[in-house]
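*Asks:* Structure, please.
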Amino acid sequence: MMKSLDALEKIAKQLDPNREERRYIRTLIIQHTEKFLEKLPNEKAYSNPDKSNTSWDEDFIEEGSDPSQVVRLTSRQIDHDGINAASGFDMAYIPGGGVYTSALADYWSDITNLYSGVFFANPGAVRLENQIISWLFSLVSYPKTACGNLTSGGSIANLTAIITAREVTQLKAKDHAHCVIYLGKQTHHCVTKALKMAGLGEVILRYIELDNGYRMIPAQLEKQIKQDQLNGCIPWMIVASAGTTDTGAVDPLEAIGSIALKNKIWYHVDAAYGGFFLLTSTGKKLLKGIEAADSIVLDPHKSLFLPYGSGVILIKNGAGMKKTFNDTAAYFQDFEPIDMNTSPADVSIELTRPFRGLRMWLPLKIHGLAPFRAALNEKLILSKYFYKQILTFGFQSSGPPELTITTFWYPMDRGENNDFNKELIQNIQQEGKIFLSSTMIENRFVIRLCVLVFRTHKREIDIALKNIVQHKDELLKTWP
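*Replies:* This next block holds a predicted model:
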């Protein structure tokens, strides 16, 4: 048995490389990422997948490989196909960029493998995350009695809000078919997905009419609520958007909040995209009234530029959130509860979780708020600049951007609008110098440009304008 243990230990210790081995592997990775960052300003934002590349199908074998060969193989597979989400030319969907100091924070937290789910396991990590949550309370003007949690993103954050609302309002299964949720047609699909996952698939969805700016119309909302009350339905939740994915529209949060309060309806605001614009004067005006919400979703991996996997849920009724998720088990008996330091596991779906807080804490402490605020203000201005410029080249738009998304199209005769613009975006994506996306608005195919990567500056916008116009002109030459 001892000989067997010795042999197994020798092999198992390969998972714990010594200082020289660590330095060698670390140097390979750093050299690779530094090369990536140095080339990034001029790299393509999108590369079509190489269908002939099948080397990723290799099986794992018993013996390890030379780290340099592994790095080369991995780079060949993941660095050259698809979206370059770190690029300043990535202007599709709602990108963030991933600040460097946040990546270093992930390295730190992964090496130390700190468990931040329970205060007992690492008081410092939990205090750090709670300090972040406290700062976010001040950002949205929430009371100190609120609760919050750092999640993996907006989908889990929205699910957490819906589950909390279900429990706090004591919604029973027998009432689901009579409960009504009010939302806009541009509400993010993760909300309706979360309803199904929360066992609320039978609730009634009321899509409230939108104005010309694609914002929910409060008068129509109030009218629908009164009608549902007369019909014996239960108005249960209102979902407002602070920055829709399609157009970046911000619903009139203050007016909707007043309606929710008057009718005693749970008010949820999905501010995954727009929330951190509260750091700007423009954002404060647009998001006025957000403090009336019972629950708010924010995504630091969007408008705070952190790496993917960074979300936040804030619940005004902190006691209700704790009651919803708090649970125990026999093996928890060593964990001494400390009310002043809420454990993330007590307000979350997750028990096992990474130490997410450090990736947000480190860049905010090292850089301060000023660069983040400046970057957001810059993106707001760049979006307006792009909007004004694109119109001078014959394009049309659904209107000036509220945040940093502009939807536009090139007008064509004889009902060819959609076909032409669909081919135009395909040509832009095929080349890949810049990466834009598209969506459908009222049966119109439109192109979307979202300015949010922190590396996107006026240089990148000017190049994008030139690229779009060139592709438009080339397509016009061949269009039948």
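
*Asks:* pLDDT at Lys323, what is it?
*Replies:* pLDDT, Lys323: 96.

*Asks:* Identify the residue spatially nearest to Ile366, adjacent ones excluded.
*Replies:* Closest residue to Ile366 apart from its sequence neighbours, by C-beta to C-beta, 6 or more residues apart in numbering: Thr101 at 5.3 Å. Yep, even glycine has a C-beta here, placed from its N, CA and C like the rest.

*Asks:* That neighbour contacts Pro363, correct?
*Replies:* Yes: if you go by C-beta atoms under 8 Å, Thr101 and Pro363 touch, sitting 4.2 Å apart.

*Asks:* List the buried residues of the host helix or strand of Thr192.
*Replies:* If you go by DSSP states H and E, Thr192 is part of helix 189-197. For helix 189-197, the neighbour count (16 or more other C-beta atoms under 10 Å) marks Cys190, Val191, Thr192, Ala194, Leu195 as buried.

*Asks:* then the helix or strand that that helix is followed by to CSV, C-alphas only?
*Replies:* For helix 189-197, the following helix or strand on the C-terminal side (DSSP H and E) is strand 204-208. Extracted C-alpha coordinates of strand 204-208, given in CSV (Å, rounded to 0.1, in the frame of the first residue of the first chain):
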residue,chain,number,x,y,z
ILE,A,204,-50.4,36.1,-18.2
LEU,A,205,-48.0,38.3,-20.1
ARG,A,206,-49.2,41.8,-21.1
TYR,A,207,-47.0,43.5,-23.7
ILE,A,208,-47.7,47.2,-23.2
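
*Asks:* Run the angle between strand 204-208 and helix 189-197 for me.
*Replies:* Between strand 204-208 and helix 189-197, the angle comes out at 160 degrees (axes from the mean of the first three to the mean of the last three C-alpha atoms, to 10 degrees).

*Asks:* mind listing what the residue nearest to Ile366 touches?
*Replies:* With contact set as C-beta atoms under 8 Å, 6 or more residues apart in numbering, Thr101 has these partners: Leu362, Pro363, Ile366, His367.

*Asks:* and what of Phe305?
*Replies:* Going by C-beta under 8 Å, 6+ apart, the list of residues near Phe305 reads Gly96, Gly97, Gly98, Val99, Phe372, Ala375, Leu452, Val453, Phe454.

*Asks:* for Asp251, same thing?
*Replies:* Taking C-beta under 8 Å, 6+ apart as the test, what Asp251 contacts is Gly184, Arg215, Met216, Ala240, Ser241, Ala242.

*Asks:* Could you give the bridge partners of the closest residue to the first one other than its chain neighbours?
*Replies:* Once its chain neighbours are removed from consideration, Gly184 has its nearest residue in Met216; the separation is 4.6 Å (C-beta to C-beta, 6+ apart). Bridge pairing for Met216 (DSSP bridges) gives the partners Leu210.

*Asks:* can you pull the contacts of Met216?
*Replies:* Leu183, Gly184, Ile208, Glu209, Leu210, Ala240, Ser241, Asp251, Pro252, Ile256.

*Asks:* for Leu114, same thing?
*Replies:* Residues in contact with Leu114 (C-beta under 8 Å, 6+ apart) are Asn122, Ala125, Phe355.

*Asks:* Now the helix or strand hosting Ser138: average pLDDT?
*Replies:* Under the criterion of DSSP H and E, Ser138 resides in helix 123-140. What helix 123-140 shows for mean pLDDT is 96.

*Asks:* Pop the domain breakdown of the chain in here.
*Replies:* Domains of the chain are assigned by automatic domain parsing as 106-367, 369-478.

*Asks:* What separation do you get for Tyr308 and Gly124?
*Replies:* Per C-beta to C-beta, to the nearest Å, Tyr308 is found 25 Å from Gly124.

*Asks:* Tell me which of the two has more neighbours.
*Replies:* In this view Tyr308 and Gly124 are compared by other C-beta atoms under 10 Å, and Tyr308 has more residues nearby, 14 against 10.

*Asks:* can you tell me the helix or strand for the more buried one?
*Replies:* Secondary structure assignment for Tyr308, by DSSP H and E: no helix or strand.

*Asks:* Then the one 5 residues further on?
*Replies:* Taking DSSP H and E as the definition, Ile313 sits inside strand 311-315.

*Asks:* Pull the residues that contact that strand.
*Replies:* The contact list for strand 311-315, computed with C-beta under 8 Å, 6+ apart, reads 133, 136-137, 140, 142, 146-158, 160-161, 164, 272, 275, 294-301, 321, 347.

*Asks:* partners of it, with directions?
*Replies:* Partners of strand 311-315 in the sheet, by DSSP bridges, are strand 147-151 (antiparallel), strand 295-298 (antiparallel).

*Asks:* Give me the contact list for whatever helix or strand Glu34 lives in.
*Replies:* Assigned by DSSP H and E, Glu34 falls within helix 19-39. With C-beta under 8 Å, 6+ apart as the test, helix 19-39 has contacts from Pro17, Pro67, Ser68, Val71, Ser75, Asp79, Ala86, Tyr100.

*Asks:* After that helix, which helix or strand is next?
*Replies:* Downstream of helix 19-39, the next assigned helix or strand under DSSP H and E is strand 46-47.

*Asks:* next structured bit after that following strand?
*Replies:* Using DSSP H and E, the helix or strand that directly follows strand 46-47 along the chain is helix 67-78.

*Asks:* Show me what counts as buried in that next one.
*Replies:* Those would be Pro67, for helix 67-78 by 16+ other C-beta under 10 Å.

*Asks:* Report the contact partners of Lys284.
*Replies:* Lys284 makes contacts with Leu278, as judged by C-beta under 8 Å, 6+ apart.

*Asks:* ok, it to Asn377 distance?
*Replies:* Separation of Lys284 from Asn377 (C-beta to C-beta): 12 Å.

*Asks:* Over to Arg22?
*Replies:* 41 Å.

*Asks:* Just want to know which of these two has more residues nearby.
*Replies:* More crowded of Arg22 and Asn377, by other C-beta under 10 Å: Asn377, with 16 against 12.

*Asks:* Tell me how far the nearest residue to the more buried one once chain neighbours are set aside lies from Gly98.
*Replies:* Residue nearest to Asn377 in three dimensions, not counting chain neighbours: Thr280, with 5.2 Å by C-beta to C-beta, 6+ apart. Note on Thr280: its distance to Gly98, by C-beta to C-beta, is 21 Å.
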